[in-house]
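Engineer: 3D, please:
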Amino acid sequence: MKKVSNWVWACAALVYAFLYLPLIIVVLFSFNDSNLNAEWVGFTFKWYEMLLQDEVMIEAAMHTLIIGFITCIVATVLGTLAGFAMYKWRLRLLPALVLTPIAIPEILMGVALLIFFVMLNMTLGLVSITLSHIAFCIGFVAIVVRSRLQGMDESLVEAARDLGASPITAFRAITLPLIMPGIIAGALMAFTLSIDDFVISFFTAGVGSNTLPLEIYSRVKVPMKLNPEVNAVSTLLMLLTLSLILVVSKVAPSALRAGD
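Structural biologist: Numbering: from 1, shown residues only. From the prediction side, this is the model:
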């Protein structure tokens, strides 16, 4: 039994090393005092200083934050309403409509959205990216909110109704405060998914509407443009993403287990 346990720990260590070792290397080499990523030369902050002076990268970061903020607000509102509707009425068609965008392959959704925008004769740009991110994130928010609603004591709402509260008043005074941690967790999840998204943004972006993941990809795919500055911005993006995930886990621990 002990040998089996040791094999399990060894396999687990290899899996986690495979997952996290490349991320650790990216972070370390963002402080490497070398124009190449081949070997460690020395410690420096110059790549972060250059990043602050890179207007193209800063513009892409601003686009990403603006899209992420708008996506967060709109997807949270629509996702909360969808999650409440799925919990309250339990219609068979509604979950399929809400959850399909997160169930299908992301590349398929990107192609479908591209075709949709072309059929509408819509110019691709920041608006098309934002609409695409909203459509993609609504389902995630709905899952988190519905999970929170399923753990709520429905008798509290019934007691409020018995005391004369209207459905809207009962929702505002009882239901909304109880599910607020789930709403906040869903909002942070939507923001995280938006700023990290590459596939959908790649298909729905137009000329001059680069986001941060797209700009990073454009520099990584061309060897001559690859430098530790990419490692620096990747480290900052990773730090932001991990921070938001930690906030989600603290605000609503069940949010990361929405499917349970």
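
Engineer: Give me the helices and strands touching whichever helix or strand W7 is part of, please.
Structural biologist: Taking DSSP states H and E as the definition, W7 sits inside helix 2-29. Contacts defined by 3 or more Cβ pairs under 8 Å, 6 or more residues apart in numbering; DSSP states H and E place helix 2-29 against helix 228-251. Just so you know, the C-beta spots here come from the backbone N, C-alpha and C atoms, and that holds for glycine as well.

Engineer: Identify the residues contacting the lowest-mean-pLDDT helix or strand in the chain?
Structural biologist: The weakest-scoring helix or strand in the chain, judged by mean pLDDT, DSSP states H and E, is helix 154-162 (a mean of 78). Here helix 154-162 makes contact (Cβ atoms under 8 Å, 6 or more residues apart in numbering) with 167, 169-171, 173-175, 178.

Engineer: Tell me the confidence at Y48?
Structural biologist: For Y48, the model assigns a pLDDT of 90.

Engineer: Tell me the helix or strand right after the helix or strand hosting it.
Structural biologist: Take DSSP H and E as the rule and Y48 turns out to sit in helix 46-52. Counting by DSSP H and E, the next helix or strand C-terminal to helix 46-52 is helix 55-89.

Engineer: The helix or strand harbouring S218 packs against which elements?
Structural biologist: S218 is part of helix 212-220, with elements assigned from DSSP H and E. For helix 212-220, the packing partners by 3+ Cβ pairs under 8 Å, 6+ apart come out as helix 55-89, helix 199-204, helix 228-251.

Engineer: What average pLDDT does it get?
Structural biologist: Mean predicted confidence for helix 212-220 is 86.

Engineer: again with stretch 195-208
Structural biologist: Here the average pLDDT along stretch 195-208 is 90.

Engineer: And that stretch, end to end?
Structural biologist: 17 Å (Cα to Cα, to the nearest Å).

Engineer: Contacts made by it with the rest, please.
Structural biologist: Residues outside stretch 195-208 that contact it (Cβ under 8 Å, 6+ apart): 64-65, 67-68, 106-107, 109-111, 113-114, 117, 123-125, 128-129, 131-133, 136, 211-214, 217, 237, 240-241.

Engineer: Emit the PyMOL select command for whichever of the residues you listed are buried.
Structural biologist: Filtering the contacts of stretch 195-208 down to the buried ones (16 or more other Cβ atoms under 10 Å) takes a single PyMOL command:
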select buried, resi 64+65+67+68+106+109+110+113+114+117+124+125+128+129+131+132+133+136+211+212+213+214+217+237+240
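
Engineer: The closest residue to R148 other than its chain neighbours: neighbour count?
Structural biologist: Excluding the flanking residues, the one nearest R148 by Cβ to Cβ, 6 or more residues apart in numbering is G182, at 3.0 Å. Neighbourhood size, G182 [other Cβ atoms under 10 Å]: 26.
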